[in-house]
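[1] How does the following fold in three dimensions:
(2 chains)
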Amino acid sequence: MTGHRYQCAFVSQVGYARPMVTPITPVSDEPASFTALLAAEERVEPRDEMPEGYRRTLVRQIAQHAHSEIIGMQPEGEWISRAPSLRRKAILLAKVQDEAGHGLYLYSAAETLGASREELLDALHTGRQKYSSIFNYPTRTWADVGAIGWLVDGAAIVNQVPLCRCSYGPYARAMVRICKEESFHQRQGFEILHTLAHGTPAQHRMAQDAVDRWWWPSLMMFGPPDDASEHSQQSMRWGIKRFSNDELRQRFVDMTVPQAEALGLTLPDPDLRWNPERGSYDFGEIDFSELYAVIRGDGPLNRQRIAHRVGAHERGAWVREAASAYEAKRADVRGEVPA
Amino acid sequence: MSDWPLWEVFVRPRRGLAHQHVGSLHAPDGALALRNARDLYTRRGEGVSIWVVPADRVVASSPEEKDAFFDPAADKPYRHPTFYDVPEGVPHL
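    Numbering: from 1, shown residues only, chains lettered A, B, ... in the order given. From the prediction side, this is the model:
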């Protein structure tokens, strides 16, 4: 438990206007101080009173987000030793390191709500908490590394930018750091695909094949459609979520289509076309049964991802034990009682 | 294994600025907390100096008594320069 934590506001200057939130009305266990903070668009900090449901929702969401960063290291990590040049290898290594860092920022944010690191890792390893389904798909070729950076990180950015204004201070601050670092991730992916798309015909085909496979799963990253999203309404009211799943998905499509044109690649959707009345692109129907199947555990690589993660944790146990033993010995020499 | 202790991390972005809180991490001791903080919070040259402080050693004011605690400053507007009337045209004041 870290119930009494002191948190400094290191990022408090993000200005915002809330576009579309229903009026705030207190429910059952909502402390008046909490309702007042939300009404004033002020941030909730770790030691403030908050409803249990708010705390639980945040722990679930932040943990799932942290787990996604940690599991997300695997599909790209597989390509570090096979990157086509030293430049690409150094860049990919830095990107995967960033993902580890993002996971750690987020675990720290979840811990300000009273979760322990050990509990969170255990929940990931035993499947009690989820991670983003997108990381259960395989990275078959080098072009997949490009497609992940461009589409998966691109979708993540669209999801994450509004979270920088989330009502919970530590989560919002972690997201500011993450968003700053993500933009390099998306660009490096775009650059990989641009190089392949303008290379030999075989390279172009490889790039197109990767985009064909990653496009629909990327659209599913925004979650179920609004009318089927179970947590959305409450999260909006609490200022955790600022835009609906479908709004963010549309924003991503509108941003991505011109980028695909610049790459000289097509997006695998025959129904994708500009709708001048809406000022947005219409797109085809998403097969959400696939998303639900992957969430249930029937994606291509669910079992392998968790097995790999648990294996890495177990193989690292001796390092953690040795470091603890070393510090215990030194504390003993200093005459301290070990914590 | 139970969790290693939690450390709060403060980074000085550059000379002339104060250390600022940036987040927290787990480490078995201060030396490893510093190294982990370097890898976690300064991957892009965000700092020239780092402090790590055991989280359980931070003493903090309580949000519940916020109003009473900060009350002594609330009714002293004369501590601000804008409190004072200055005649038109007086220079350098």
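
[2] alpha carbons only for contacts and neighbour counts from here, please
    Noted.

[3] report the longest helix in the chain, please.
    Reading this off chain A. Longest helix of chain A, by residue count under DSSP state H: helix A:169-197.

[4] hmm, I had chain B in mind actually
    Assigned via DSSP H, chain B shows its longest helix as helix B:30-41.

[5] Next, the angle from the longest helix of chain A to helix B:30-41.
    50 degrees (axes from the mean of the first three to the mean of the last three C-alpha atoms, to 10 degrees).

[6] What is the distance between helix A:169-197 and the centre of its chain?
    Computed by C-alpha atoms, centre = their mean, to the nearest Å, the separation of helix A:169-197 from the middle of its chain amounts to 11 Å.

[7] got it, and stretch A:303-321?
    On the basis of C-alpha atoms, centre = their mean, stretch A:303-321 sits 21 Å off its chain's mean C-alpha point.

[8] so how many other residues sit close to the nearest residue to residue A:281 once chain neighbours are set aside?
    Distance criterion C-alpha to C-alpha, 6 or more residues apart in numbering or on different chains; nearest residue to residue A:281, sequence neighbours excluded, is residue A:274 at 4.3 Å. Using other C-alpha atoms under 10 Å in any protein chain shown, residue A:274 has 14 other residues around it.

[9] again with residue A:53
    Neighbour tally, residue A:53, other C-alpha under 10 Å: 12.

[10] Checking whichever residue of the stretch 101-250 of chain A sits closest to chain B next. Helix, strand or coil?
    At 5.6 Å from chain B, residue A:101 is the closest residue in the stretch 101-250 of chain A, using C-alpha to the nearest C-alpha. Classification of residue A:101 using DSSP: H, G, I helix; E, B strand; the rest coil returns helix.

[11] check contacts around it.
    Residues in contact with residue A:101 (C-alpha atoms under 8 Å, 6 or more residues apart in numbering or on different chains) are residue B:40.

[12] That one and residue B:40: what is the separation?
    Distance of residue A:101 to residue B:40, given as C-alpha to C-alpha, to the nearest Å: 6 Å.

[13] Next: residue B:19.
    Per C-alpha to C-alpha, residue B:19 is found 16 Å from residue B:40.

[14] And for residue B:68?
    Residue B:68 is 38 Å from residue B:40, where distance means C-alpha to C-alpha.

[15] Give me the more crowded residue out of these two.
    Using other C-alpha under 10 Å as the criterion, residue B:68 and residue B:40 rank with residue B:40 on top: 21 against 9.

[16] so where is the chain shaky, pLDDT-wise?
    Picked chain A for this. When residues are selected by pLDDT under 70, those of chain A lie in A:1-28, A:337-339.

[17] think we crossed wires, I meant chain B
    Ranges of chain B meeting pLDDT under 70: B:1-2.

[18] What segments of it are strands?
    B:6-12, B:20-26, B:49-54 (DSSP state E).

[19] what about the helices in the stretch 51-200 of chain A?
    A:52-71, A:73-77, A:86-111, A:117-125, A:142-147, A:153-160, A:169-197 (DSSP state H, counting those that start in this stretch).
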